[in-house]
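A.B. asks: Okay, predicted coordinates and the sequence, questions at the end:
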Amino acid sequence: MRRPRSRIAAIALKEFWHILHDPRSLTIIFLLPVIQLIMFGYALNLEIQKVELAIIDLDRTPASRELIQHFEGSPFFEVMAFRAPISQIETLFLRRKARAVLIIPADYSRQRQQGTTVDLQLIIDASDPNAAINISNYCQQIVEAVPTTRLAPPPAPFEVKSTIWFNPDMKSAYFFVPGLLALLLVMISALLTSVAITREKETGTLEQLLVSPVTPVEIILGKVIPYVLLAFLDGVGILLIGVFVFQVPFTGSAVLLAFLTLLYIITALSLGLMISTVTSTQQVAMMAAQSATLLPTLFLSGFIFPLRSLPWILQLISYIVPARYYLVIVRGIMLKGNTLPQLITPALFLMGLSTVLLIIAGKRFKTTLEA
Amino acid sequence: MMASGENTLPIIEIQQLKKRFGTITALDGIDLHIYPGEIFGLIGPDGAGKTTLIRILCTLLLPDAGRVQLLQHDVVHDVQSIRRFLGYMPQRFSLYPDLTVEQNLNFFADLFQVPPSIRQQRIQQLYHFSRLEPFKNRPTRALSGGMKQKLALSCAMIHTPKILILDEPTTGVDPLSRQEFWHILHQIREGGTTVLVSTPYMEEADQCDRVGLMYRGKLIVVDTPQRVRQRFPYPLYRVWGQDTYALREFFQNLETVHSVHLFGDALHVAFTQPPVPSDWKHWQLTSHQQIIRWQPIEASVEDVFLEMMEAHS
Amino acid sequence: MNQRKPAIVAEHLTRRFGTFLAVDRVSFRVYEGEIFGFLGANGAGKTTVIRMLCGLLAPSDGNAWTAGFNVRTQVEQIKQHIGYMSQKFSLYEDLTVRENLAFYGGLYHLRRDQIQQKKQQLFQQLELAAFETTLARDLPLGFKQRLALSCALLHDPPVLFLDEPTSGVDPRARRDFWGLIQSLARSGKTIFVTTHFMEEAEYCHRVAIMHEGKIVAMDTPETLKARSRKSSMQQVFVSLIQQQLTES
């Protein structure tokens, strides 16, 4: 006698039917990441260009003009001369006429000729601190590039020469594509499963499901399977855009990335499922899924801020943010060409995290309607 | 057919069942035995506790106190085994609206692990009852109210349950579909399944072998519909008048009147002692010819319900 | 009855949702002071008719007038002249009886003293006074129904629409409610009421039976029963639908 289809398969099949019957949601699932990626791609551009720089030249010598020319030649700065008294600088910032002011002291050329240290004063509007740091760095670079003619300076005892690896051009696409992959995958996956059960709670169909002999494990697994596939396709789409549109290199193994991405997706889907077992409406579930994924992934995964710069308590919390591990994996495989042995720790962490989440979801899933 | 004698073992046994939600007592000490092969009707208004009682029987809610057994299986401890032999149709339509009739049936067949060898035969049988086969490829949301109810019933019956529990399956359905639905329930009973069904329609009591009238968390009467009606202790008359409201007031002020209730275009007047023809003549006079016609009637289940409600509040 | 003024007139009223014909060329008149019952199953089109008559939904075809105002062009006037109570008793569960009334009074720009006066009258009529500071959610169902009715009556509308007003309330509360409806009709209000309890048709002066978007019969309950030689409206309904089915 043929055995009936397993209950897990029955539920998975039913979820597929729902997905197919709802082309609008399907479009959103696939279109949303593309739109977000492109939006982030152009908005999240961290390279600063055309910073308005006011220069107050108190020296007015050929040497000071040479320095100014170096600034004018840089694509980072839009230089304007400023002749007002120094006390007026603040109004420049308040009116957003300039983001930085460089003051060349009156004894600039004399100091240079003497070969002593030159004191240039740089005042930066640091209301955007990241930009301020960048501006300061760029200025430094330009000033250092000015050839010290005539008198050779005494040779420095040692010299720091940094070489940047893996992202030699410091392209921000290298940085945001893996980050966005991590962010979009976790957000979409958690969202998909968080509404999967609450929707049935709202429409009342869960009541009918519960009175059948189906077990929580069967419901949960049956609900995860179709969405693993959906989210995986999403991930592939994001990666393709990253590699072909934003030119992010892919140096490692695609198979390994696919495998570990599946693991990450399962972790995120489990998170969504856990949320859906403790919420009763789709709306609350969606909000919970979003707050559990968006901000933690942005701030506590190493996506934007290095984890070490976080306060210890946030560092501790970051251990349960799945994107923390996945970022190591994606960056590792795409940019560094890491292999599995080098990524075994984050992979194991993800596995542990998804197991714990699934167990909680299974335990919290009520087979009664008791509140 | 029905076996409600003391010699048969009850298929559902409820003892001193209590359930509270916060400060509200939903079930206040329910005792009930339901016997194999009967259609038992739970009758009462919203808020009487019907749905709570049904959900406890279906293992969806836990009792606070008391004992509930289905086929000697306890609703608290033997949840999984009960769910195998139980068919349940919730009050709210709970099939997947975007799936077709056949997809819904197949999904529930999978859930209950109906073997493929007998599945087609079972679905054919259910199509025969429900006459839904011509619509099998139609999405459920495009079915009429009556058809939806029949599909929900079919899904609840897919695994040939021993006990079928239905929560207000006929509410809001047109009278013709209601009639047809009851016809199907009778066929299911003939097939050996015990049926417990709740309804807010008092007149549906006559479709049941036995009924329990529920009010404020209590079963106020349990008996056959015939005997429930016979419980009405007063001589009852249906009285038509010029102005039903004025007439109601008139009867309310009579000493020998126990109760007066509006029933559509007429009154049901219960007397403490049977009126004689001279009484009617006298009332004709004193009511200023308000009375058009009167006729002794047998009490309906609704009359009994109204009477028992008053006794319980 | 026909010399009385009509309060609601519907002429070939039709409403489509996509390809679905929810209401199919429905015509009727309801006269002032009349209780007009609209009978039918869920999905027969009752609520759609009410929504068109209240100006909430535009007819796809045909026309209608409520309290003398056209449902296509005079929606705002209609809303001032009708009271509407739905089966869900659109009350704010977390507000008290008094707060609910004050809110609905405010919606209709009633002055505080007008609300106060009307409230006293309704409280007396509906025996709600004891619950004035009770939260709506804590009211027994029968009183919730009365509160919903009070909210619909605050601005003293000449036409009252009741959509399944007795759904789920107990037999006694239902009788009390019908008693109130009858006294409102006697005071001159026009009542348009839907129900799926067929026996409640007997409380109406005239009824229309609706099935799949069409009116299949319309008359007084006695005439309908006499014509089809049935003793209850339930049976009248069943025989009418069966007749429809054999005809089609």
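C.D. replies: All right, it came through fine.

A.B. asks: Just the strands from the chain, written as ranges.
C.D. replies: Let's take chain A. Here chain A has its strands, by DSSP state E, at A:51-57, A:77-81, A:100-104, A:121-124.

A.B. asks: try again with chain B
C.D. replies: B:12-21, B:24-34, B:39-43, B:65-70, B:73-74, B:86-89, B:163-166, B:194-199, B:210-215, B:218-223, B:236-241, B:257-263, B:266-271, B:291-296.

A.B. asks: Get me the contact residues on the stretch 151-300 of chain B for chain A.
C.D. replies: B:C155, B:A156 (C-beta under 8 Å from any C-beta of the partner chain). From N, CA and C alone the C-beta is placed, and that goes for glycine too.

A.B. asks: of all of the stretch 151-300 of chain B, which residue lies closest to chain A?
C.D. replies: Residue nearest to chain A within the stretch 151-300 of chain B: B:C155 (7.3 Å; C-beta to the nearest C-beta).

A.B. asks: returning to what we had before: of the strands of chain A, which is nearest chain C?
C.D. replies: strand A:121-124 (53.0 Å).

A.B. asks: I'd assumed A:E66 was in contact with A:E72.
C.D. replies: No: between A:E72 and A:E66 there is no contact under C-beta atoms under 8 Å: 10.7 Å.

A.B. asks: Could you find the closest non-adjacent residue to B:T59?
C.D. replies: B:V79 (4.6 Å; C-beta to C-beta, 6 or more residues apart in numbering or on different chains).

A.B. asks: ok, A:G242 - contacts?
C.D. replies: A:L37, A:A173, A:V177, A:P178, A:L180, A:L181, A:V248 (C-beta atoms under 8 Å, 6 or more residues apart in numbering or on different chains).

A.B. asks: Now with 7 Å, please.
C.D. replies: A:V177, A:L181, A:V248 (C-beta atoms under 7 Å, 6 or more residues apart in numbering or on different chains).

A.B. asks: among these, which are in helices?
C.D. replies: A:V177, A:L181 (DSSP state H).

A.B. asks: any idea which of the contacts of A:G242 is the one closest to A:S291?
C.D. replies: A:L181 (20.4 Å; C-beta to C-beta).

A.B. asks: okay, now the closest residue to the closest one other than its chain neighbours: neighbour count?
C.D. replies: Leaving out its chain neighbours, the residue that sits closest to A:L181 by C-beta to C-beta, 6+ apart is A:I238, at 5.0 Å. A total of 24 residues lie near A:I238 under the criterion other C-beta atoms under 10 Å in any protein chain shown.

A.B. asks: A:L183 is in contact with A:I238, correct?
C.D. replies: No: if you go by C-beta atoms under 7 Å, A:I238 and A:L183 don't touch, sitting 9.7 Å apart.

A.B. asks: any idea how far whichever residue of the stretch 251-371 of chain A sits closest to chain B lies from chain C?
C.D. replies: The stretch 251-371 of chain A approaches chain B most closely through A:L369 (4.6 Å), counting by C-beta to the nearest C-beta. Per C-beta to the nearest C-beta, to the nearest Å, A:L369 is found 20 Å from chain C.

A.B. asks: for chain B, what are the low-confidence residue spans?
C.D. replies: Where chain B drops to pLDDT under 70, the residues are B:1-7.

A.B. asks: Chain C contacts on that one?
C.D. replies: B:45-47, B:144-145, B:172-177, B:179, B:200, B:202-203, B:245, B:261-262, B:264-265, B:302, B:305-306, B:309 (C-beta under 7 Å from any C-beta of the partner chain).

A.B. asks: Tell me where chain C has helices.
C.D. replies: C:46-53, C:75-81, C:97-107, C:112-126, C:141-153, C:171-186, C:221-228, C:233-247.

A.B. asks: and the fifth one, what does it pack onto?
C.D. replies: If I follow you right, that is helix C:141-153. strand C:82-85, helix C:97-107, helix C:112-126, helix C:171-186 (3 or more C-beta pairs under 7 Å, 6 or more residues apart in numbering or on different chains; DSSP states H and E).

A.B. asks: what about the first one, distance to the chain center?
C.D. replies: Okay, so that is strand C:82-85. For strand C:82-85, the gap between its own C-alpha mean and the chain's C-alpha mean amounts to 7 Å (C-alpha atoms, centre = their mean, to the nearest Å).

A.B. asks: Just say which of the strands of chain A is most tucked in.
C.D. replies: strand A:100-104 (a mean of 23; mean count of other C-beta atoms under 10 Å in any protein chain shown).

A.B. asks: Chain neighbours aside, what residue packs nearest to the closest residue to chain A within the stretch 1-150 of chain B?
C.D. replies: With C-beta to the nearest C-beta, the shortest gap between the stretch 1-150 of chain B and chain A falls at B:D110, namely 3.2 Å. Nearest residue to B:D110, sequence neighbours excluded (C-beta to C-beta, 6+ apart): A:A10, at 3.2 Å.

A.B. asks: these two touch, right, B:P296 and B:V239?
C.D. replies: No: applying C-beta under 7 Å, one finds B:P296 not in contact with B:V239, separated by 10.4 Å.

A.B. asks: Looking at those two, which is more packed in?
C.D. replies: More crowded of B:P296 and B:V239, by other C-beta under 10 Å: B:V239, with 24 against 10.

A.B. asks: Bridged to the more buried one, which residues?
C.D. replies: Per DSSP bridges, the residues bridged to B:V239 are B:L267, B:W294.

A.B. asks: show me the contacts for it.
C.D. replies: B:V239 neighbours (C-beta under 7 Å, 6+ apart): B:L247, B:A266, B:L267, B:V269, B:I291, B:W294.

A.B. asks: and with 6 Å instead?
C.D. replies: B:V239 makes contacts with B:L267, B:V269, B:W294, as judged by C-beta atoms under 6 Å, 6 or more residues apart in numbering or on different chains.

A.B. asks: what's the answer for B:H159, then?
C.D. replies: B:F112, B:V114.

A.B. asks: Give me the phi and psi angles of it.
C.D. replies: In terms of degrees, to the nearest 10, the main-chain angles of B:H159 are phi -100, psi 20.

A.B. asks: where in the chain is pLDDT low?
C.D. replies: If you meant another chain, say so; for now it's chain A. A:1-3, A:43-49, A:84, A:147-172, A:371.

A.B. asks: wrong chain, I was asking about chain C
C.D. replies: C:1-3.

A.B. asks: and the residue lying closest to B:P175 once chain neighbours are set aside, how many residues sit next to it?
C.D. replies: Excluding its sequence neighbours, the residue lying closest to B:P175 (C-beta to C-beta, 6+ apart) is C:F237, at 4.6 Å. If you count neighbours by other C-beta under 10 Å, C:F237 ends up with 28.

A.B. asks: just checking, C:F237 touches B:L176?
C.D. replies: No: with contacts counted by C-beta atoms under 6 Å, C:F237 stays clear of B:L176, the gap being 7.3 Å.

A.B. asks: which residue packs closest to the most centrally placed residue in chain C, ignoring adjacent ones?
C.D. replies: With distances taken as C-alpha atoms, centre = their mean, the residue of chain C nearest its centroid is C:L162 (2.4 Å). In this structure, C:L162 finds its nearest non-sequential neighbour in C:V193, 4.3 Å apart by C-beta to C-beta, 6+ apart.
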